[in-house]
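# I would like to see how this sequence folds:
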Amino acid sequence: MKKNMKKWIGAVAATTMAVATVSGSMLPGAVINAEETAAEAENYAVLSTDNMDAYVAKDFPSVVRYEMKGELEGKTFYGQTQPIHTIRINGVDVELTAEDVKATFENNRAEYVMTVKGEGIDAVITAELVADANTMAFNIIKIENNLEDSVDGNPIQTVEIPNHNLVSVNTDQNDANLKGAVMSSNTTVSGDEYVELEESTDLNKSYLYAFVSNDEMSAGLWSNSENDGCDINAKEVHGGSHNYRVTAAAESTDEGTSLGLSSSQWYYHRIVTDSHGRSYMVEETEMPQTKVIITGDRNEDEQIDWQDGAIAFREIMNNPYKSEEVPELVAYRIAMNFGGHAQNPFLTTLDNVKRVAMHTDGLGQSVLLKGYANEGHDSAHPDYADIGQRIGGAEEMNILMEKGAEYGARFGIHVNAGEMYPEAKAFKDDNVRRLEDGTLRYGWNWIDQGIGLDSIYDLATGEREARFDALEELVGQNLDFVYVDIWGNRTGGTDDSWQTRKLSKEINDNGWRMANEWGSANEYDSTFQHWATDLTYGGFEKKGQNSEVIRFLRNHQKDSWVGDYPAYGGAAVMPLLGGYNMKDFEGWQGRNDYDTYITNLYTHDLTTKFIQHYEIVKWVDGEPVTVGDAVNWTPEMEITLKDEDGDTLVITRESNDPESEGYRNRTMTLNGKVISQGAPSRGDRTNEDIQQGNLKGTESYLLPWNWDPKTGEKVASEDEKLYHWNTQGGTTTWELPDSWAGLENVVVYKLTDLGKTEEQMVEVVDGKITLEAESEIPYVVYKSQKENMDITWSEGMHIVDAGFNSGNFDAWEQTGDGEATIAKSQYSNPMMKLTGETAMTQELTDLEAGKQYAVLVGVDNRSDSKAIVTVKEGDNVLASNYTVRSIAKNYVKAYTHSNSSATVDGTSYFQQMYVFFTAPESGNVTLTLEREAGEGETYFDDVRVVENDSHNVTYNEAGEVVKFEQDFETNVQGIYPFVVSGIEDVEDNRIHLSELHEPYTQAGWDVKLMDDVLDGNWSVKINGLTERDTLAYQTIPQNFRFEPGVTYKVSFDYQAGSDGIYGVVVGDGEFNGTEEVVPLPMAMGKDADGHYECEVVGSESGQTWIGIYSTTTAPDLQGVDPEAAQANFGGYKELVLDNLVIERVEA
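All right, here's what the predicted structure looks like:
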């Protein structure tokens, strides 16, 4: 048969006729003579380019075959091997006759106007075939519906052309095959499939990507279909995970078997129904488009396979918006804010950007602001434009983004489009998602109980788009990306690929890049997957996209891949291309260790990002082996990549044996010169392993870095640099790049958070340099001397160097006989350390006269001597506060000084100390941090100066505090005067300020029986922390001091969901669990507040406090199933407190 097919190809090429037909049937095996050709010529047209002649049918928009020209002269690829005339509308097949199709042809373009009529269908569809170079596009450019185009009418909802093969291979051809990719986020299961075409091949399947090849050419088909396929190995995740756009179908004829590629179905004007039974017609995202590209040996390896087609495919595929930025995003991390504690205010994050810029010599950064809105992460979703006031509001967020951009940093935000919280102003009856029985579809329950946001309603009404637009008005293009949390877990609806594409468009249309939570979600548009890059998340079944095909195509565009985490097995064991390994030092998951972050970045992420500057052109696999739980896993052994300048990067694995050390050993060469060798440290090292130097690898590298972090463009020759890292430390010798030729010396700097240090001149010998390096310490090499960047610390914060990042006290004036030093916590966070009698003073700037300000300073006093904060105008004290020995450990997980991020001795007692003052007309205001003489040390950090209108304290004529009132309406941050205690240990606490949004936060809405807010707009709420038998929160002396021997009346209003589940305690010094607990009676219901009063006498120590205690008493769920979300949302386990008053009782 192969002989007959070749004879047919030659005959047709000679006569310029596409194919012979008999009674409308194509006979690909027939020999066509001139007479037959002339008789049938009117049935086919030729669309010509310099690269090919494409033969297309005149009675339906289908391609018969491609006769190649130029370098591929004489080669043929097939299209439609059997005639088709069917178009499928809304799932109904409509057969078109010759009279139904009007076609016109001009050079490289054919247009078909098709009249389509069937049951409930009456439309005119205009489509085109356009040949361009070696590509063929099929586009539907117009749809005219002659019926009513509405929810109640007959809209054109879906369009599909069954078996519409734009390209195919046949059994008549040598080595005909298919390579396809479906989604897998399982590290032990590849999503790739390979099919050798045989006479018996029976295949009809959809893919994300698919290529057909033979021994002469390869082709791939792209489509913008929003189709959801059914085959998936991405555990329980939707959200565009299986957007299978390409359908591959085998077809058997008398002449053999063909295997072709066509687009999966498209959506047009889709009717959707929300959970309340309301239906909407939603118009198309884009008009239907698909395109095929044909190529020969693209990677010049003298063989044809899918990789050639994949290289060519990049010319026609969609490119996720702003994906060109991805290689520059070296220093990813999350800056976390949660529960109103303002752990990382925007301007503090800006200082951290500068610190990382110094330590990386200006590498690009990508900072996800998780908790940018309202009270922080998972508060008030989905109020996208409600930028958190306690962390600086829109003004300071824009300062962060604008100033941060100067250091090569880009910023994104965490939002939710499937789940919401009752305090959100967007929350309403119309948009909550309900189940078929009318009950709420509940979501995540942590800081509060989440409720499903009906995503169909949100899309179809345009409300979600309007909320994004409102955010854009505040932040514009300062914002780089939007990370959509949970999308794909179906809390808000189906989260299908069609909805996902709509969501992406709303975000992209505002100029923002798309990012997603799940490793497999939104493959079409997303450039970042959190569960792929945060390697500890999810386990081996929910990691990055595990496909050789997808990674070959898009490694340079996404951070969505399986990274090195050997415990997961399979692809996660030393992937040659690396993969982003995400750590943090700003509180996400309690990760606050800056040094570990830096070590991890240089261990895994710099090489990964270096590689992403090149595109893969060849991928060589080894022999199947067992790698962890992955049986018959085929490891990649060598990968070749190139950039647009032709520079060639080759990465090789030393051994195919996973039991051998050589399996982890890789060598990278650039243009033939070794730039990296050895085994990177395992990606599953814990933070403790990194801190203690355990499980180190052997890799060392000297990576050329020639890209501007802001633009990605190549830098000038004099700004080229080389990054050096030696995991084990020691001496290595490297050959310099060609662009460094002729140098006699190079300049080497050690990199620290203070920038380039310890300058060395190193001689160049025979084009090589020899470097001596400390273990796991980064260095940068330049052609000549370079200055450090000029840093202004703490811009906009009224103070210089609020976090003591500068390495000096140049901005402070020291007095006293004691000592002031910059010390680092056990988790490498710089602090001011004072010993002995010492005072440090700095002028506050840019204060507005007449406005009240709060100064907050973190303090951990390991001394019985006073630690004091004082604000003065000249010699006049405007405000002052002090503490003696700190008594309350910090349990706020995202705070850099939590008890899991110890100050010294494995503990942290850091808590904020406040003073409030009104700025004088003179503007001359100083801040003094001091301690009195005595033993021990005092640590200060995180100075904040913010406008604030709190008026909590009433003084008598003697200056004594006679009354403290807190209604929680104007808190600077946190739950002042209380601090969170150890009820959850160090955690993202479920104790927070709850915000009023009537009726949804109050008793009487749905199953809710408790008011979340008792008075005004804010109250303190404990969400479900019952039966803990420990302290929930307490006051501390620096927030309210019970003077020794003085009697005070303490009172507050409250609601408690059950009798005795919480109680009041009074303590002295550090909590020890022996304090007496006074249970609070149940008080729950609309405006059914309880009221509590007691008297407290201040102890002689001056360390008296009051607090709320979680008892051992179980909540009364009043018959509700304990496993049901109603048990959480109803209020049975909660305590809400407001209107705290502490009043001095006169003797």
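# and Phe1040, that one's in a strand?
No - using DSSP: H, G, I helix; E, B strand; the rest coil, the assignment for Phe1040 is coil, not a strand.
# how many neighbours does it have?
By other Cβ atoms under 10 Å, 22 other residues sit near Phe1040. (Glycine included, C-beta is placed from N, CA and C.)
# and the residue lying closest to it once chain neighbours are set aside, how far is that from Asn989?
Spatial nearest neighbour of Phe1040, excluding adjacent residues (Cβ to Cβ, 6 or more residues apart in numbering): Pro977 at 4.7 Å. Distance of Pro977 to Asn989, computed by Cβ to Cβ, to the nearest Å: 16 Å.
# And these two? Which one has more around it.
Counted by other Cβ under 10 Å, Pro977 and Asn989 do not tie: Asn989 has more neighbours, with 28 against 22.
# mind giving me the domain split of the chain?
2-160, 167-313, 665-787, 792-949, 952-1147 (automatic domain parsing).
# Asn592: which of those is closest?
Of all the domains of the chain, the one in closest proximity to Asn592, counting by Cβ to Cβ, is domain 792-949 (3.9 Å).
# so which of the domains of the chain comes closest to Leu368?
The nearest among those, by Cβ to Cβ, is domain 792-949 at 13.0 Å.
# Provide a list of residues in contact with the residue nearest to Phe1040.
Applying Cβ atoms under 8 Å, 6 or more residues apart in numbering, we find Pro977 in contact with 952, 964, 966, 1035-1036, 1039-1040, 1140.
# Going by mean pLDDT, which of the domains of the chain comes out lowest?
If you rank the domains of the chain by mean pLDDT, domain 2-160 sits at the bottom with a mean of 82.
# any idea of the mean pLDDT in whichever helix or strand Gly443 is part of?
Using DSSP states H and E, Gly443 falls within strand 442-445. Strand 442-445 carries an average pLDDT of 96.
# cool, stretch 388-397 as well?
Mean per-residue pLDDT for stretch 388-397: 98.
# One more: stretch 448-464?
99.
# can you pull the buried residues of stretch 388-402?
388-392, 394, 396-401 (16 or more other Cβ atoms under 10 Å).
# Show residues contacting that stretch.
Contacts with stretch 388-402, where a contact means Cβ under 8 Å, 6+ apart, come from 337, 340, 342, 344-347, 349-350, 353, 369, 371-376, 387, 411, 474-475, 478-479, 795-796, 971-973.
# Would you mind listing which of those residues are buried?
Applying 16+ other Cβ under 10 Å to the contacts of stretch 388-402 flags 337, 340, 342, 344-347, 349-350, 353, 369, 371-376, 387, 411, 474-475, 478-479, 971-973 as buried.
# Burial check on Val94, number of neighbours?
Residues near Val94, counting by other Cβ under 10 Å, number 19.
# same thing with the one 3 residues further on?
Using other Cβ under 10 Å, the number of residues around Thr97 comes to 9.
# Please give me every residue in contact with the closest residue to it other than its chain neighbours.
Distance criterion Cβ to Cβ, 6+ apart; nearest residue to Thr97, sequence neighbours excluded, is His85 at 7.4 Å. His85 makes contact with 59-60, 95-97 under the criterion Cβ under 8 Å, 6+ apart.
# Can you pick out the most distant pair from these?
Most distant of the contacts of His85, by Cβ to Cβ, are Asp59 and Glu95, 11.8 Å apart.
# more crowded one of the two?
Each of Asp59 and Glu95 has its neighbours counted (other Cβ under 10 Å); Asp59 has more, 19 against 11.
# these two touch, right, the more buried one and Ala103?
Yes - with contact defined as Cβ atoms under 8 Å, Asp59 counts as touching Ala103 (7.3 Å).
# any idea how far Lys558 is from Ile311?
17 Å.
# Send me stretch 829-842 as PDB with only the CA atoms.
What follows is stretch 829-842, C-alpha atoms only, in PDB (Å, rounded to 0.1, in the frame of the first residue of the first chain):
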ATOM      1  CA  ASN A 829      15.900  38.700  61.500                       C
ATOM      2  CA  PRO A 830      17.800  41.800  62.500                       C
ATOM      3  CA  MET A 831      16.800  43.500  65.800                       C
ATOM      4  CA  MET A 832      18.000  46.300  68.000                       C
ATOM      5  CA  LYS A 833      19.600  44.800  71.100                       C
ATOM      6  CA  LEU A 834      20.200  47.000  74.100                       C
ATOM      7  CA  THR A 835      22.200  46.000  77.200                       C
ATOM      8  CA  GLY A 836      22.700  48.200  80.200                       C
ATOM      9  CA  GLU A 837      21.500  51.800  80.400                       C
ATOM     10  CA  THR A 838      21.100  52.800  76.800                       C
ATOM     11  CA  ALA A 839      18.900  55.100  74.800                       C
ATOM     12  CA  MET A 840      18.500  55.300  71.000                       C
ATOM     13  CA  THR A 841      16.800  58.400  69.600                       C
ATOM     14  CA  GLN A 842      15.700  59.300  66.100                       C
END
